[in-house]
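Trainee: next one to model:
(2 chains)
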Amino acid sequence: MIRFIIKRLLGLLPLLLGITLISFFVIHLSPGEPTVLQESMNPKVSLEVKERLLKLYDLDKPIYVQYINWLARIIRFDFGTSFIDGRPVIEKIARRLPLTLFINITSMMLIFLIAVPLGVISAVKKNSVFDRSMTIFVFIGFAMPTFWLALLLMDLLGVKLGVLPVVGLKSIDFEYFNFFEKIFDLAGHLALPIVLSAFSGLAGISRYMRTSMVNALKAPYIYTARAKGLPESQVIFKHALRNAVLPIVTILGLSVPGLIGGSVIFETIFSLPGMGRLFYEAVMQRDYSMIMASLVIGAFLTLIGNLLADISYAYVDPRIRYSKQ
Amino acid sequence: MRNIIDIKNLTKEFTIEQGALGTKKLKIIAVKDISFSIIENETLAIVGESGCGKSTLAKLILKLISSTKGEVVFSSSIQNIRKDIQVVFQDPLNSLDPMFKVRDILKEPFIIHKIAEKGQVNKRIIDLLELVGLNEKLLDRYSYELSGGQRQRICIARALAVGPKVLILDEPTSSLDVTVQKQILDLLKDFKNRFKLTYCFITHNIAIAKLISDRVLVMYKGRIVELGEKDTVFARPAHPYTQLLLSAKDKAIDLIADEEFDFYACGYYDGCPIKKPICKQKIPQLYRLSKSHYASCHFPLNKV
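Mentor: Prediction:
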């Protein structure tokens, strides 16, 4: 098992290199330069100043030199300083990342905890009223733009009913709260973002779970299990579920990039100080070092997510464990 | 000679929903009004081409699926069908849960039916493995780490664990190599005598039926076309379809396509070499030809 993990970790390196290469060049191909914000609106900026700025950020060198320099720094975890405010990028990210991770991990657990039972019930009671209404719910879930639903719910729960705070992470008087009030306040602010970001994944995953379970229930070993007198509940949980949940683990692992992408939208809508919004702002301001650092860290997290999915897959499925050793 | 299982007018229809909203329903009758008995300590071979409904019949007898009409009646010697009747399926790889080790597969029957003391289960499992000619080294393997023959031996061991009275064998050898087939058949023959078992052996291979059975039941399109002692059926087949099967040996027979299910005609009408007008107007019943020989044909061959 440990050999399998090490092998997979080593395999990630070339992938990560490829990601840095592509994202670096794509970002530099996009129109606009970081200096634009500081110069074009300002008639006092002369050509010399512009050149000095370009030189400061290494932007006057050929692009491959820039890439190699940048890569050399990245390897030492030096992501440079933000083009906008001159603060170290890593520091800014470190402050924002935990919130985004927290929201994504929680909503992923939420998806797993809700979608799996829903899928199982749908599959076991196939074509029942419950199953059919789940199908409808799933279609609605797929079709509904979550940012729109977010706005509606903010209006309903935050403005009309006033049960949840609308935006932000903390209330204004957060500093004066005691420990439990602080937790309660944070939970209130995060409830909507987490539930909504889980909602979009929920529909799909519960559907996958249903299909996977329906197929598992058709397998000959299920007939065997029934024929030897195992009670139906054990047939479902001991034999069918264990086999059916495997593909879901993979799909959840693969949904990590989607969740990270979704963070951009949710954090902007809910004004949450997370990675997503930091990234969005960086893009709008052509803050190259910030963008690149976010991309690399985002890619790294995605790869880690896939790796974790692989490891858990190998852990639950003996077939993978053996073939990969 | 007692009947251990009586099958009475058993019919199974499957409905397939078609069209976007599942409004158009297609009815498929897999088993049509079948009646016969399985006699204690016999080996009854059920022979037919793939798709003739023999596996559905097996599942109906085991009550793994419910019948549309008719019933399966068990004799008083069968108290608990989940214990006294066991099944071995065609595909040993898929009929063993891939997440289970051999040890757990063999342990489960003992736990379900509580038939062994806790400390004894391990010994019973090893005995079982020995019985089917396997080494206890295999206990910690998963099913896909075994060979086809080993897997089927495990399936048989699992079926025998609870001391059943009847084994339903649904093509137990058809996914195996010929040499392994022979071993498994010998093993099954040996167990039948040793444990006084009753076999219901489903196969598409007429040669295997000849090798192992006491009586033969030939199915065609969900119906019984012929039923009788092995020697009688093989020597003097009464139904033209049986004759075709025997002459084809184990060559594949082309299924005669009839898209429309005809409620009045003999199912074998299109393929039959001796058909007469009445065959299209009346479904032949299972006529009794001699003491234990039945065929559903208006014009049975080889009459004595």
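
Trainee: got phi/psi on A:Phe77?
Mentor: For A:Phe77, the backbone dihedrals (degrees, to the nearest 10) come out as phi 60, psi 20.

Trainee: show me the contacts for it.
Mentor: A:Phe77 makes contacts with A:Ile90, as judged by C-beta atoms under 8 Å, 6 or more residues apart in numbering or on different chains. All C-beta atoms are positioned from the backbone trio N, CA, C, and that covers glycine.

Trainee: distance-wise, check it relative to A:Val296.
Mentor: Distance from A:Phe77 to A:Val296, counting by C-beta to C-beta, to the nearest Å: 10 Å.

Trainee: could you list the low-pLDDT ranges of the chain?
Mentor: If you meant another chain, say so; for now it's chain A. The model of chain A has pLDDT under 70 over residues A:32-45, A:56-57, A:320-325.

Trainee: sorry, I should have been clearer: chain B.
Mentor: Using pLDDT under 70, chain B drops low at B:19-22, B:249-264, B:304.

Trainee: give me phi/psi at B:Ala45?
Mentor: With angles defined as degrees, to the nearest 10, B:Ala45 sits at phi -90, psi 130.

Trainee: apologies, that question was intended for A:Thr81.
Mentor: phi -110, psi 150.

Trainee: residues near the closest residue to it other than its chain neighbours, how many?
Mentor: Excluding its sequence neighbours, the residue lying closest to A:Thr81 (C-beta to C-beta, 6 or more residues apart in numbering or on different chains) is A:Pro88, at 5.5 Å. Per other C-beta atoms under 10 Å in any protein chain shown, the neighbour tally for A:Pro88 reads 15.

Trainee: again, but for A:Leu101
Mentor: Number of residues near A:Leu101 (other C-beta under 10 Å) recorded here: 15.

Trainee: which ones are touching it?
Mentor: For A:Leu101, the contact set (C-beta under 8 Å, 6+ apart) comprises A:Leu301.

Trainee: check B:Thr198 too.
Mentor: Each residue near B:Thr198 by C-beta under 8 Å, 6+ apart is listed here: B:4, B:38-43, B:165-167.

Trainee: which of these lies closest to A:Leu59?
Mentor: Proximity of the contacts of B:Thr198 to A:Leu59 (C-beta to C-beta) peaks at B:Leu167, which lies at 79.9 Å.

Trainee: the closest residue to chain B within chain A: what's it in contact with?
Mentor: Distances between chain A and chain B by C-beta to the nearest C-beta are smallest at A:Gly229, namely 3.0 Å. A:Gly229 makes contact with B:80, B:82-83, B:109, B:112-113, B:162 under the criterion C-beta under 8 Å, 6+ apart.

Trainee: the same query, at a cut-off of 6 Å, please.
Mentor: Shown in contact with A:Gly229 (C-beta atoms under 6 Å, 6 or more residues apart in numbering or on different chains): B:82, B:112.

Trainee: check the secondary structure at the closest residue to chain A within the stretch 201-304 of chain B for me.
Mentor: The nearest approach of the stretch 201-304 of chain B to chain A comes at B:Ile202, 13.9 Å away (C-beta to the nearest C-beta). Following DSSP: H, G, I helix; E, B strand; the rest coil, the label given to B:Ile202 is strand.

Trainee: what about it, how many neighbours?
Mentor: Using other C-beta under 10 Å, B:Ile202 has 26 other residues around it.

Trainee: point out the residues in the stretch 101-250 of chain B that sit beside chain A.
Mentor: Contact residues, the stretch 101-250 of chain B versus chain A (C-beta under 6 Å from any C-beta of the partner chain): B:109, B:112, B:142.

Trainee: and the residues you listed, which of them are buried?
Mentor: By neighbour count, with 16 or more other C-beta atoms under 10 Å in any protein chain shown, these hold B:109, B:112, B:142 as buried.

Trainee: across the sheet, point out what pairs with B:Asn25.
Mentor: That one is not Asn; residue B:25 is Lys. Assessed by DSSP bridges, B:Lys25 has beta-bridge partners B:Glu17.

Trainee: now do the contacts for B:Glu297.
Mentor: Actually, residue B:297 is Cys rather than Glu. Neighbouring residues of B:Cys297 by C-beta under 6 Å, 6+ apart: B:239, B:284.

Trainee: would you say it is within a strand?
Mentor: No. B:Cys297: not assigned to a strand; according to three-state DSSP it is coil.

Trainee: now do the SS call for the residue of chain A closest to chain B.
Mentor: In the three-state summary, A:Gly229 is assigned as coil, counting by three-state DSSP.

Trainee: could you dump the buried ones among the residues of the stretch 101-250 of chain B next to chain A into TSV with secondary structure and distance to A:Leu101 added?
Mentor: Supplementary listing: those in TSV, determined by DSSP: H, G, I helix; E, B strand; the rest coil; distance: C-beta to C-beta, whole Å:
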residue	secondary structure	distance to A:Leu101
B:Pro109	helix	47
B:Ile112	helix	45
B:Tyr142	strand	36
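
Trainee: any idea how far the residue positioned nearest the centre of chain B lies from B:Val218?
Mentor: By C-alpha atoms, centre = their mean, the mean C-alpha position of chain B lies nearest to B:Ile202, the distance being 2.9 Å. Separation of B:Ile202 from B:Val218 (C-beta to C-beta) stands at 12 Å.

Trainee: and if you look at A:Ala293?
Mentor: Per C-beta to C-beta, A:Ala293 is found 75 Å from B:Val218.

Trainee: circling back to that earlier point, the residue of the stretch 201-304 of chain B closest to chain A and B:Leu167 touch, don't they?
Mentor: No. The criterion here is C-beta atoms under 6 Å, and B:Ile202 misses it with B:Leu167 at 11.0 Å.
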